[in-house]
Each structure stands twice: as structure tokens, then as C-alpha cells.
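Peer 1: I need the structure of the sequence given here:
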Amino acid sequence: MKLAELRTRLGYQALLLGGVALLTSAALAFAALLTGPEIKAAEEADLKQSLTQVLPGSYDNDLLKDTVSLHGEAGEVLVYRARRTGKVEAVVYRVTGYGYSGAIVCMMGVSREGKVLGVRVIKHAETPGLGDKIEPAKAKWIFDFDGKWLGEPPVDKWAVKKDGGVFDQFAGATITPRAVVKAVKGGLVFFEANRAALLDEAGGVR
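Peer 2: Residues are numbered from 1 along each chain as shown. You can find the predicted model right below:
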């Protein structure tokens, strides 16, 4: 059978297509094998940077390896624990609020006493010039959480001023700060509900 005639056969075309797909898959797999470690290292570096922004001071352990996963109101929460001489001094985890344009993901650090060490928004899609004031590069608003806990302000004052709370809202964008305040408050409630497990104390779930 001549080659030209063979090429018109359906089986030949399927075989050719399969061969091309196989070669493409092999090339992609090889590229992933080569770049995988670099991508993982870059992701870990970004994560460490996020952790250090809400976790002042120095600690003895590798936070990325000292974690515990606990059930929260919205599902599983991965918690990073910071230790000195074996004792957990602080924890870091993500909390999420829902603003005008969707989810607002924050990283927050909490001391073993239950006080906020820092909060940073790591993902959002709020309106530029309005809702983006939750970013530290745009405004200092996010730093208002530092040192706060569920007793200061009182629980019923954990809201924006428009709702009777103590936190400022933004002109024309109340929904955004309201969502972040609610998320941070929820993060502190989560800490109090899981204190023993988070601090790796006797009786805590690991």
C-alpha cells in the first residue's frame, strides 16, 4: 500500500494524532520534572514572606513543617505554629471574608495570649481606589487590628463604626472593611475555641 493511500486511512490519522499527543505529554512531563523544584521553592518563599509579615520576632522552628489542621466554621484550617524552646508562642492561619467583589483572603497571626499580631490581605478583587485600602501599600487601616483581642474591643464592638463598632469604614466602600473585620473576629473566635490544640498543650487534638 502506498504511503499516500495509507495517509487517507482513518487508522493512520488516529495513530498519528496519538503519537503527537504522546510526545507532547512526554515533553510537558519532562518540563514539569525540571521546573517542579523551582516552583515549589518559589511558593515556599512567598508563603514564608506572608507568614513573617504577620508574625514579628524570631522563632526556633520551621513554620512550614510545624502545622496542624483543625476544623473551622468554613472547613479545614491549616495552622502554622511558631515556637521558642519548644513552646508555641504564636500561630498563623488564613481567614476569609466576602466583600463587594468576592472572597477576601487574609493571613493573620495570633499570640498565645489570643492577641492579633498582624493581618495582611493576600488575595482580593475589590474596587481599586475604594476597597483596595485594605492593602498596606494603599492605607494604614489594616494595622488597626494589631494588638486587638476579643476583650479589646469588646466582642459586640468588633464591627465598623457604621454598624456600631470601633473600626473605620471607607468612604463609598463599607462592605469591604466590614468583611475583613468579620473575618478577623472569626479568626479570634476560632483561636479561642481551639486554643489547646493550636498551642500544642496537653489535652489538645493534634
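Peer 1: beta partners for the most centrally placed residue in the chain?
Peer 2: Closest to where the C-alpha atoms of the chain average out (CA atoms, centre = their mean) is residue 94, at 4.3 Å. The residues paired with residue 94 through beta bridges, assigned by DSSP bridges, are residue 107.
Peer 1: doesn't residue 104 make contact with it?
Peer 2: No. Under the criterion of CB atoms under 8 Å, residue 94 makes no contact with residue 104, lying 10.8 Å away. (C-beta placed from N, C-alpha, C; glycine too.)
Peer 1: show me what contacts residue 201?
Peer 2: residue 195 (CB atoms under 8 Å, 6 or more residues apart in numbering).
Peer 1: domain assignment for this structure?
Peer 2: Dividing the chain into domains by automatic domain parsing, as the record does, gives the ranges 3-51, 67-198.
Peer 1: confidence-wise, which helix or strand of this protein is lowest on average?
Peer 2: In the chain, the helix or strand scored least confidently by mean pLDDT, DSSP states H and E is helix 3-7, which has a mean of 52.
Peer 1: what about the helices in the protein?
Peer 2: Using DSSP state H, the helices found in the chain span residues 3-7, 10-53, 175-193, 195-198.
Peer 1: least reliable of those going by mean pLDDT?
Peer 2: Of all the helices of the chain, the segment with the smallest mean pLDDT is helix 3-7, scoring a mean of 52.
Peer 1: sorry, back to before: turn the domains of the chain into TSV, including distance to residue 57.
Peer 2: Putting these into TSV (distance: least, CB to CB, whole Å) gives the following:
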stretch	distance to residue 57
domain 3-51	12
domain 67-198	8
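Peer 1: so which of these is nearest residue 59?
Peer 2: Judged by CB to CB, the one of those that comes nearest to residue 59 is domain 67-198, at 4.1 Å.
Peer 1: measure that closest one end to end?
Peer 2: The straight-line separation of the ends of domain 67-198 (CA to CA, to the nearest Å) is 9 Å.
Peer 1: check the offset of it from the chain's centre.
Peer 2: The gap between the average C-alpha position of domain 67-198 and the chain average comes to 11 Å, counting by CA atoms, centre = their mean, to the nearest Å.
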